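Asker: The amino acid sequence is not available; the structure is as follows:
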DNA sequence: AACATACCTGACAACGTTGTCAATATCTTA
DNA sequence: TAAGATATTGACAACGTTGTCAGGTATGTT
């Protein structure tokens, strides 16, 4: 039924090893032989059996993207992963991971321990899960973290510069006249969230704008969090003239809340986000945000992983990429009192 | 280094075949033997080598989700696929497919012909690509289409009822007093787009609302298309009081355009979409839309595919699921003249 | 007691490829 | 011309599993 390397060898009158050499572009094949084999391959429509190759080489040629819930950020990562997927010899497998499901744990454990995947790309918030970390250590499977919530210097990761990005945006708001700027914070024990908050604080300090702890609003970095925090926060005696969302999702939630409260953006209040997700340019007004270069981040992460898998030493194992401001309609100069 | 079935057999003092039986839960293994083998497996930490199993069974235990560009709809599909992915024995591979890239074609062709995937789930607009269709036919690989742009009765697919959904929404708008309702159309040669247009027309007819061809605006079903069409269309002499976007993306584009033109929604004009994408509840005002039950669609599609792969006859090979209205703030009664 | 039947087990081939190594042919150099 | 280097090829084992089939041992039936 299916054409194997033996059929090709018989057709081309040579050994299977020679066919293998031609298929894998190895040296030491006479030009005439190579052509004869090529013809045989074409004539018979031979395609190598990947399972056999994988067995004998004990490699799966699969890398796995590990995601938690499918939020917008995760979608953005997937978009890029898909875009570049066809450039590699590796196949790309996606796997969700919910630590609460034991089936989910089992699946993941099988994936790694049965060596169905050669390497992993880990997206937040999977990097902070203890079970996964344990599994990664004991199995010794290579992996790279993308924009981890927490990170240590010896694990490969690629991330945007949270501190610098938050600093830039805060600075910009200050230069537009704002001095009461609320910050929509994420979980207080996550590095990403902490770094962004530090960037925010540093800019305030640099421009001698007093820091007000009441302007740091917990948002969990998601839509509902941003919405609720804004509803609550805008009721304070001395509300801010700008809201800087530590994530686009939270900022979009803030936008929604403000619309609901009929507080015009940006006339009465400015809103900014962090992430530059695809939908942040489809809100009204367009969301000013810090571009977290997801595409480059993913590209670099996959590059590092492929280097590791090929036993090449990657140019760098920890990459922090600078962020840029993307100003749209949602941010403007501070309104007169 | 790695523990194989032989090691387990030696430890448990039995043949490799018996270990295989235990691992695969086959009958005809004495209880005592089974326990002895289980102990050996646990003691040695044995995990079967999947590549070997795949080779001997000539199956890959992988299903592939084929996507074109990573739009929001595609992300929604992926989300659900991920959600349910850990329930299967199959691994889930994602692959983008851009017919213009020859590398993309090669990758896909290899994926199928090298039998790296056992089956495919095909998302729009991949289903209308001739190269892919040719490949699917010649390779005989099983596949299911999700909400195909075009479809024939003999190919497995799962989709929402475009006609019925569009009918319902148009009817609702009419009942809210609208009789000049613009329809943001997709490509005119795609079944999905045509069906939604027919549903729209049918409702108009039923309620004796005259059909005006000038109110069918080409939008390509995306944000820019919806935006441009709305900008253009609202400049006409007798503009509509409602815009029904054939897709949420187009409707969100329309919302943006209307905000830009300072035409209040829903006071002056109502806007509705089709799809109920995650972000359609994060727009302001919340987008009224037709819920396309993506989650169920994906679930059913995967069920069908798994049935086919297991040589079970699926309960049904073509499934058309009813749609429901989700009314949010973007639609209201027709304003007085 | 003879025989059928169900249960249990293991030897061995097969899956389709790549790696190792030896054998041969051809070329280069002194 | 001989010796050594280089190019070319193929035989065969190995990868780790599952499928086939034959053989053995209890158990039940006539």
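Answerer: Looks like it arrived, so ask away. Fair warning: this is a prediction, and the values are worked out from it, not measured in the lab.
Asker: count of residues packed around residue A:201?
Answerer: Residues near residue A:201, counting by other CB atoms under 10 Å in any protein chain shown, number 18. Any C-beta I mention is one placed from the backbone N, CA and C, and that applies to glycine too.
Asker: Could you tell me which residues make contact with it?
Answerer: If a contact means CB atoms under 8 Å, 6 or more residues apart in numbering or on different chains, then residue A:201 has residue A:211 as its contacts.
Asker: element containing it, please.
Answerer: For residue A:201, the host element (DSSP states H and E) is helix A:191-206.
Asker: May I see the buried residues of that helix?
Answerer: Counting neighbours by 16 or more other CB atoms under 10 Å in any protein chain shown, one finds that the buried residues in helix A:191-206 are A:191-197, A:199-204.
Asker: Show the residue spans covered by the helices in chain A.
Answerer: Under the criterion DSSP state H, chain A contains helices at A:5-12, A:16-23, A:31-44, A:50-57, A:72-85, A:102-113, A:130-139, A:162-175, A:191-206, A:223-233, A:248-260, A:294-309.
Asker: of all those helices, which lies closest to residue B:141?
Answerer: Nearest to residue B:141 among the helices of chain A is helix A:50-57; the distance by CB to CB comes to 14.1 Å.
Asker: what mean pLDDT would you report for that closest one?
Answerer: The average pLDDT within helix A:50-57 is 92.
Asker: and what of stretch A:109-121?
Answerer: For stretch A:109-121, mean pLDDT rounds to 88.
Asker: Flag every buried residue along that stretch.
Answerer: Buried residues in stretch A:109-121 (16+ other CB under 10 Å): A:110, A:111, A:112, A:113, A:115, A:116, A:117, A:118, A:119, A:120, A:121.
Asker: what's near enough to touch the fifth one?
Answerer: Going by CB under 8 Å, 6+ apart, residue A:115 touches A:58, A:60, B:49, B:50, B:51.
Asker: Phi first, then psi, for the third one.
Answerer: Its backbone dihedrals place residue B:49 at phi -90, psi 110, with angles given as degrees, to the nearest 10.
Asker: residues touching it, list them.
Answerer: Going by CB under 8 Å, 6+ apart, the list of residues near residue B:49 reads A:55, A:58, A:114, A:115, B:2, B:4.
Asker: CSV please, covering these and showing distance to DNA strand C.
Answerer: Shown next, in CSV, are those (distance: CB to the nearest atom of the strand, whole Å):
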residue, distance to DNA strand C
A:55, 5
A:58, 10
A:114, 17
A:115, 15
B:2, 16
B:4, 12
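Asker: Restricting to those residues, which residues neighbour DNA strand D?
Answerer: Counting by CB under 7 Å from any atom of the strand, A:55, A:58, B:2, B:4 from those sit close to DNA strand D.
Asker: domain assignment for chain A?
Answerer: Here the domain parsing of chain A from automatic domain parsing is A:5-48, A:60-159+A:294-320, A:162-292.
Asker: which sections of chain A are below the confidence cut-off?
Answerer: Low-confidence segments of chain A, defined by pLDDT under 70: A:1, A:70.
Asker: Show me which residues of it are close to DNA strand C?
Answerer: Residues of chain A lying near DNA strand C (CB under 7 Å from any atom of the strand): A:2, A:4-6, A:16-17, A:20, A:23-24, A:46-49, A:52-53, A:55-57.
Asker: quick revisit: would JSON lines of the buried residues of helix A:191-206 with distance to residue B:231 be doable?
Answerer: Output for those, formatted as JSON lines (distance: CB to CB, whole Å):
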{"residue": "A:191", "distance to residue B:231": "44"}
{"residue": "A:192", "distance to residue B:231": "39"}
{"residue": "A:193", "distance to residue B:231": "39"}
{"residue": "A:194", "distance to residue B:231": "44"}
{"residue": "A:195", "distance to residue B:231": "41"}
{"residue": "A:196", "distance to residue B:231": "36"}
{"residue": "A:197", "distance to residue B:231": "40"}
{"residue": "A:199", "distance to residue B:231": "38"}
{"residue": "A:200", "distance to residue B:231": "37"}
{"residue": "A:201", "distance to residue B:231": "43"}
{"residue": "A:202", "distance to residue B:231": "42"}
{"residue": "A:203", "distance to residue B:231": "38"}
{"residue": "A:204", "distance to residue B:231": "41"}
